[in-house]
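Visitor: Dropping the sequence and predicted coords here.
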Amino acid sequence: MKHRIFIAINLPQDIQKELANYHEKWPDLPVKWTRNQNLHVTLAFLGYVEDEEIPEICNKVGEIARRHKSFSISLKKIYYGPPEKIPPRMVWVSGKCDELVKEEKTDRLSLFQKEIEGAFFSVPSFKGQGKRCFVAHITLGRVKTWEWRKIEPEERPEVDQEIDLSFEASSVEVMESNLKRGGPQYAALESYPLGEKL
């Protein structure tokens with residue numbers, strides 16, 4: 001049996017609720033809003049994997065989690081994403097980590113994501129970002145492209161909202177996505193605390 005797997009940092013409930021409040025700001029926007037409990041930062045999407053591959057995937061994620069300390073993620077803006085793509089595909093929240101790892105010349109989130117992604121290049125279904133730069137974001141909703149195109153350009157809602165939220169990323173999850181008629185349902189197969197022994 002195949003499972004649709006991704007690696008993610010899930011959001012605390014209070015941050016989920018804060019972000020969900022912004023749905024009301026754009027009532028006329030043709031968007032399918034993400035359920036609160038589904039809000040997360042994707043580190044790597046592995047695609048469909050077999051039953052027997054899951055234990056090894058979990059082991060790799062656990063080993064990487066043990067080598068990294070927890071870190072803070074700041075959420076600063078809500079806008080259409082990906083940037084400069086017309087029509088837009090999503091309304092998303094940009095995230096960043098201000099804690100730098102000087103010897104690596106990068107921040108803790110980017111370093112963590114790079115190590116997670118690098119561990120799965122051998123998985124056949126994984127289509128990694130490769131040379132593309134990692135953009136930390138949370139998908140707040142997916143734009144209904146056909147309906148969006150029908151809106152006159154000058155009447156399309158502006159989505160450019162400054163926010164100021166932050167949360168501690170203290171664990172990483174191996175997630176399964178089940179595609180349902182009402183939208184995807186996510187379930188954590190395993191959760192690994194950062195910086196703690198397994």
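Guide: Yep, that arrived.

Visitor: So what's the gap between the helix or strand where residue 66 lies and the chain middle?
Guide: Taking DSSP states H and E as the definition, residue 66 sits inside helix 54-67. Offset of helix 54-67 from its chain centre (CA atoms, centre = their mean, to the nearest Å): 18 Å.

Visitor: Other residues contacting that helix?
Guide: With contact meaning CB atoms under 8 Å, 6 or more residues apart in numbering, helix 54-67 is reached by 3, 5, 7, 46, 49, 112, 115-116, 119-120, 123, 171-172, 174, 189-190, 192-198. C-beta coordinates here come from the backbone N, C-alpha and C atoms, glycine included.

Visitor: In the sheet, which strands lie alongside the helix or strand of the chain with the lowest mean pLDDT, parallel or antiparallel?
Guide: Using mean pLDDT, DSSP states H and E, the weakest-scoring helix or strand in the chain turns out to be strand 100-101, at a mean of 88. Paired neighbours of strand 100-101 in the sheet (DSSP bridges): strand 106-107 (antiparallel).

Visitor: Tell me what angle the next helix or strand after the partner strand forms with helix 54-67.
Guide: Scanning forward in sequence from strand 106-107 by DSSP H and E, the next helix or strand is helix 108-118. Angle between the axes of helix 108-118 and helix 54-67 is 150 degrees (criterion: axes from the mean of the first three to the mean of the last three CA atoms, to 10 degrees).

Visitor: No more questions from me, cheers.
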